[in-house]
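Novice: here's a sequence, model it:
(one chain, ligands or ions: 2)
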Amino acid sequence: MEVSFSKESRMLRSGAGETFHGEGILAITKALLQSGVAYVGGYQGAPVSHLLDVLVQSKDYLKELGVHVEPCANEASAAAMLGASIHYPLRGAVTWKSIVGTNVAADALSNLASPGVTGGALIIVGEDYGEGASVIQERTYAYALKSSLLLLDPRPELAHMVRTVEHAFAMSEAANMPAVLQLRIRACHVRGSFECSDNVPPAISTRHEMAEPAAFDYGKLAHPPVTFRQEKRKSADRIPAARRYVVEHGLNERLGGNRGGVGLIVQGGLYNSLVRALQQFDLADALGDSELAILALNVVYPLVPEEIADFCRGKRAVLVLEEGQPEFIEQEILATLRRADLATPIAGKDVLPMAGEYTVEVIAQGLSSFLSRHAPELPLAAGNEWLASISARRDAVAKALGQPLPARPPQFCIGCPERPVFAALKLAQQDVGPVHVAADIGCHAFATFEPFSMGHSILGYGMSLASRAGVSPMMQRRTLAVMGDGGFWHNGLLTGVQSALFNGDDAVLVILKNGYTSATGTQEIISTPADDGKVHAPDKGASRVHDNQVIERTLRGIGVKWLRIVDSYDVTTMRATFDEAFTTEFAGLKVIIAEGECQLERQRRVKPWRAQELAQRKRMVRVKYGVDEDTCSGDHSCIRLSGCPTLSVKPASDPLRVDPVATVLDGCVGCGLCGENAHAASLCPSFYRGEVIQNPNWRDRLASRVRRAVIGLMQPA
Ligand code: SF4
Ligand code: SF4
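Specialist: Ligands and ions are numbered 1, 2, ... in the order given. Below you'll find the model as predicted:
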């Protein structure tokens, strides 16, 4: 059961005369339908997950429009979908999280960009760069440069973003180039409104199919010798056509006044932060109108040399605001001015940081340096005071605390089925010694934080088993690769399992089978159990295959001989299985499937059902764990072994005990790990299991009365 987007789905039906209110990423989703998109694909990942999630849950409406939507196995398959636009006048859009997703998609992108497209092809990437990012810090810009992809970076304002999507398709068709629309986290979540247009059903669609395939055309294959001509066409025809489109449609915006005779060239996506920084210097008003001249680049590749030269001509100096490294835009501007024989001084990375997010504060610092050097007569006092006040506040907080705040790393949800696996691994390493752990992308990466601190490397999604291939042969003790079921289907089956089997590797793999790609928003995968627990095949009327045993059957089918399936919460058995895998004489690939449904999804599923049962006054039993304070030894090894956020400490009520005792907070979902750990690790017997009974029946009431009476008899008078 995935998160419901029924409200967002209704919003997609809005038409002319209606106003959309909401988030940037949903505006982009609506813009796709207004642009006549025929097919949409992608792989989920923040901050663009909503796009695909909403469309997947709007399948009935998309069917009416004739639009095909496909959640893809990974970003490579999403990029390959765009192959439909090479021959056919079909507009297609795909989405994923960048930079990691773009890395996975790179092969298909190169092979798409070389022949070029007929129908508009749009790739919407979540540019996960900066303070809120969850992946490695690189930029999509390099891909646009190397493969000749249009790169759009729209100013984060909803109406403008919607127009940019519509232009992106048209420009892609005018230049025969695939277009990339990069959306930063802030642009995805910026809120606003825009006036809707009617959705445009595509001319060729699932409702109006093509009678015949396109005629064979070798020139549209990414194959030599035509690739040589395609490479020349990029610079001779396509990029000039793209530049013409940018100029004719005014995609890059000249904004602001001309105070101080200086100029600012900014990536469109950074525009709002720049304006906020200018406001601190009283150089922009409350409505965001700047007194300084700004060139907002909504298309950051290709740049238009004449536009750059025109903007810079006659300026005292120009500051380029380009987030991240290397400074591709700044270098190109410098080369453009040199070619145009213009001597306008250019500032950029000399006053702004080379790496890291350009927050309002960072931009304000850069503006202060730039303006004090090139326009010292401008009033900088207000901005400098604002910057000084921020640093003073930081100093005051640091002084008040006396020491830096402790880190608060993210961690597994309460009751997560993956936590017990790492508790068991901790115990298994007490038996066999420390092992090299090849970690992976997914919720299980939380095990890299306290109290587990496990994982020697993360090489990409589904890459853990492959990443230990060079380590295993050099290590006396067996290595362990950790992978989620999402990673297994994304990449791990082929790059890891197939390769390990082919090479006869002596390796151990644990697959955390929680039933979803949980870390990206608990989207369903092929091994997600159906709601009714049965296997559904497409020919039985279900929209997708749901097969809870497909991982096991796939592994057996491909040749895995040593396979164990263990309940994730059974710490004792999991520990013994790890011990066996690390010490058995079997020298091939050993796979442990740790089975336990994602607790977040479970709670989502169970809560409405429980509320319904309670409303019908049915008897409900909820398990909770607790700590008997008198028995707690106070060494807190239970906490070190679990890390559950609801397992905490409190002051002991016994005045003779100085150390705090363990306690279970209200959030406990009764997963049972506390008891399992206590048993598996022979901890002190302080944990008890309680049952909270709602709507008790007569037997419960009678039992309660008897128990109270017996306990009362044993209490001293
Ligand atoms: S989302 Fe699911 S798998 Fe991920 S940490 Fe939470 S409970 Fe665990
Ligand atoms: S039983 Fe223990 S580990 Fe499980 S949710 Fe409750 S406190 Fe957390």
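Novice: now do the same for residue 666: its pLDDT.
Specialist: Among the per-residue scores, residue 666 shows a pLDDT of 89.
Novice: check for me that it belongs to a helix.
Specialist: No. Applying DSSP: H, G, I helix; E, B strand; the rest coil, one finds residue 666 to be coil, outside a helix.
Novice: test my guess that it contacts residue 646.
Specialist: Yes. Counting by C-beta atoms under 8 Å, residue 666 touches residue 646, with 7.4 Å between them. Backbone N, C-alpha and C define where each C-beta goes, glycine included.
Novice: and the pLDDT for residue 540?
Specialist: pLDDT, read off for residue 540, is 35.
Novice: before we move on, what about residue 531?
Specialist: 63.
Novice: now the terminal residues of stretch 482-494, how far apart.
Specialist: In stretch 482-494, first residue to last residue: 15 Å (C-alpha to C-alpha, to the nearest Å).
Novice: is any residue of it near ligand 1?
Specialist: No. Using C-beta under 6 Å from any ligand atom, stretch 482-494 never reaches ligand 1; the gap is at least 7.8 Å.
Novice: dump the residue contacts of residue 671.
Specialist: Residues counted as contacts of residue 671 (C-beta atoms under 8 Å, 6 or more residues apart in numbering) are 414, 415, 416, 417, 420, 569, 599, 644.
Novice: ok, now with 6 Å
Specialist: The neighbours of residue 671, taking C-beta atoms under 6 Å, 6 or more residues apart in numbering as the test, are residue 415.
Novice: how close does it sit to residue 438?
Specialist: In this view, residue 671 and residue 438 are 27 Å apart by C-beta to C-beta, to the nearest Å.
Novice: over to residue 213?
Specialist: Distance from residue 213 to residue 438, counting by C-beta to C-beta: 44 Å.
Novice: more neighbours: those two, which one.
Specialist: Between residue 213 and residue 438, counted using other C-beta atoms under 10 Å, the more crowded position is residue 438 (28 against 8).
Novice: how about the secondary structure of that one?
Specialist: At residue 438, secondary structure determined by three-state DSSP is strand.
Novice: mind checking pLDDT for it?
Specialist: With respect to pLDDT, residue 438 has a value of 98.
Novice: beta partners of it?
Specialist: residue 457, residue 481 (DSSP bridges).
Novice: would you mind confirming that it makes contact with residue 481?
Specialist: Yes. Between residue 438 and residue 481 there is a contact at 4.4 Å, judged by C-beta atoms under 6 Å.
Novice: got a list of what the residue nearest to residue 95 when sequence neighbours are not counted touches?
Specialist: Of all residues not flanking residue 95 in the chain, residue 42 sits nearest, at 3.7 Å (C-beta to C-beta, 6 or more residues apart in numbering). When contacts are counted by C-beta under 6 Å, 6+ apart, residue 42 touches 52, 78, 94, 95, 96.
Novice: quick one, which of the residues you listed has the minimum pLDDT?
Specialist: Least confident of these in the model: residue 52, at 92.
Novice: ok, it - contacts?
Specialist: Neighbouring residues of residue 52 by C-beta under 6 Å, 6+ apart: 42, 44, 71, 95.
Novice: helix, strand, or coil at it?
Specialist: Three-state call for residue 52 (three-state DSSP): helix.
Novice: and what of residue 165?
Specialist: Here residue 165 is recorded as helix under three-state DSSP.
Novice: flag every residue of the chain that's near ligand 2.
Specialist: 414-415, 625, 642, 644, 646-647, 664, 668-674.
Novice: pLDDT weak spots in the stretch 501-650 of the chain?
Specialist: Regions of the stretch 501-650 of the chain meeting the criterion pLDDT under 70 cover residues 531-546.
Novice: buried residues, whichever strand or helix holds residue 565. List them.
Specialist: Per DSSP states H and E, residue 565 falls inside strand 562-567. For strand 562-567, the neighbour count (16 or more other C-beta atoms under 10 Å) marks 562, 563, 564, 566 as buried.
Novice: near ligand 1, which residues of the stretch 551-700 of the chain show up?
Specialist: Checking the stretch 551-700 of the chain against ligand 1 by C-beta under 6 Å from any ligand atom, the hits are 598, 599, 600.
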